[in-house]
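Colleague: Sequence and predicted structure, then a few things I'm wondering about:
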Amino acid sequence: MLNISEMLLQPHQGDRVLQPLWNYLLFRHLPLISSPFFPVLLAASCYFICSIPFAALDLLGERVPLFYQYKIQAGRQPTVGMMLKSLMTALYNHIFFVLPAVIMTMCILPTPILPQDAPTLYEVFIDGLAILLLFDTQYYIWHFVHHKHPQLYRWIHSVHHEYMAPFSWSTEHLSPSELMTVGLWSNQDPLILKCHPLTAWCVTVFSIWMSVEDHIGYDLPWSLNHLVPFGLLGGAPAHDMHHQKPNSNYAPFFSHWDRLFGTAVALEKKTLKVL
Ligand SMILES: [Zn+2]
Ligand SMILES: [Zn+2]
């Protein structure tokens, strides 16, 4: 376990911009951040907080033309019932599958020891990118297989395809198996790559944001897929297309695997309203 008194004797790590933040977390919030529940709490809160503004946008619809002009499948608005169903699915999966899995992990594995030093910004960027690339590859393979195998699709992945026009809350409209699989990778990939916990948490926040952005149903000009050059990220246009044409755009974040294996399909924007 971390020895705080030893930490206080450590010289200041002036080359580490994130050291004050890391010290603050260690000194003030150690019970919270060392809890096995923390990564789950962080991921669930991010999903909730990131989804709320886009849910408001969905409810306002055509009344906000500034945003509605970017709606990908015009006219296909999610209802409050659809939103609640996705939210309840996420809640059900977390209560009955994720939390018991965390409790089991607590009983089996020892409490991880947090490092004294913060990561450098360079480490956060490079290690974070490595985690995202590994997850993107794992999910691409898993996703491809679950679309090609009828039984796997029917029993595991079809839940996520209930809606042809995705919306922010549908990001975690998943079967328990799918949520547990992505949860396992999210937890294990940073350990496999020996990343700092702070890097792993930054990636959690960033990847949840990207996943929600994939599902918002709006091709906003300031979204990450437009800000990152060369079409390296698929974003909402690619993933919306996957919900319209499920045998395309399998990668969750990046576009390279879909381009390499010929599964990339460009967005066909629906201009006619479908009621
Ligand atoms: Zn989706
Ligand atoms: Zn799919």
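Modeller: Perfect, I can see it now. Ligands and ions are numbered 1, 2, ... in the order given.

Colleague: use CA for all of it now, contacts and neighbours both
Modeller: Noted.

Colleague: who does the helix or strand harbouring residue 259 touch, helix- and strand-wise?
Modeller: Element membership of residue 259 [criterion: DSSP states H and E] is helix 256-260. Applying 3 or more CA pairs under 8 Å, 6 or more residues apart in numbering; DSSP states H and E, we find helix 256-260 packed against no helix or strand.

Colleague: Check which residues of it are buried.
Modeller: Neighbour-count burial for helix 256-260 flags 256, 257, 258 (criterion: 16 or more other CA atoms under 10 Å).

Colleague: Could you do stretch 226-243 as well?
Modeller: 226, 233, 234, 235, 236, 237, 238, 239, 240, 241, 242, 243.

Colleague: what's the nearest residue to the fifth one if we skip its chain neighbours?
Modeller: Sequence neighbours aside, residue 214 is the residue nearest to residue 236 in space, at 3.9 Å (criterion: CA to CA, 6 or more residues apart in numbering).

Colleague: what does residue 204 give?
Modeller: Leaving aside its sequence neighbours, residue 204 sits nearest to residue 43 (CA to CA, 6+ apart; 6.2 Å).

Colleague: wait, doesn't the one you found sit right on residue 206?
Modeller: No: using CA atoms under 8 Å, residue 43 is not in contact with residue 206, being 9.9 Å away.

Colleague: Looking at the two, which has the bigger crowd around it?
Modeller: residue 43 (19 against 16; other CA atoms under 10 Å).

Colleague: What is the helix or strand that that one is a member of packed up against?
Modeller: Using DSSP H and E, residue 43 sits in helix 38-60. Contacts defined by 3+ CA pairs under 8 Å, 6+ apart place helix 38-60 against helix 197-215.

Colleague: for the helix it packs on, which positions count as buried?
Modeller: Residues of helix 197-215 classed as buried by neighbour count (16+ other CA under 10 Å): 197-201, 203-215.

Colleague: Can you list the low-confidence ranges for this structure?
Modeller: The chain contains residues with pLDDT under 70 at 1-15, 269-275.

Colleague: Any idea which residue is closest to the centre of it?
Modeller: Nearest residue to the geometric centre of the chain (CA atoms, centre = their mean): residue 208, 2.7 Å.

Colleague: Is it correct that that one is in contact with residue 43?
Modeller: Yes: with contacts counted by CA under 8 Å, residue 208 reaches residue 43, the gap being 6.9 Å.

Colleague: pull the CA atoms of the helix holding residue 259 into PDB?
Modeller: Written as PDB, here are the backbone C-alpha positions of helix 256-260 (Å, rounded to 0.1, in the frame of the first residue of the first chain):
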ATOM      1  CA  HIS A 256      -7.300   2.300 -40.600                       C
ATOM      2  CA  TRP A 257      -8.600  -1.300 -40.100                       C
ATOM      3  CA  ASP A 258     -11.800  -0.700 -42.100                       C
ATOM      4  CA  ARG A 259      -9.800   1.000 -44.900                       C
ATOM      5  CA  LEU A 260      -7.200  -1.900 -44.900                       C
END
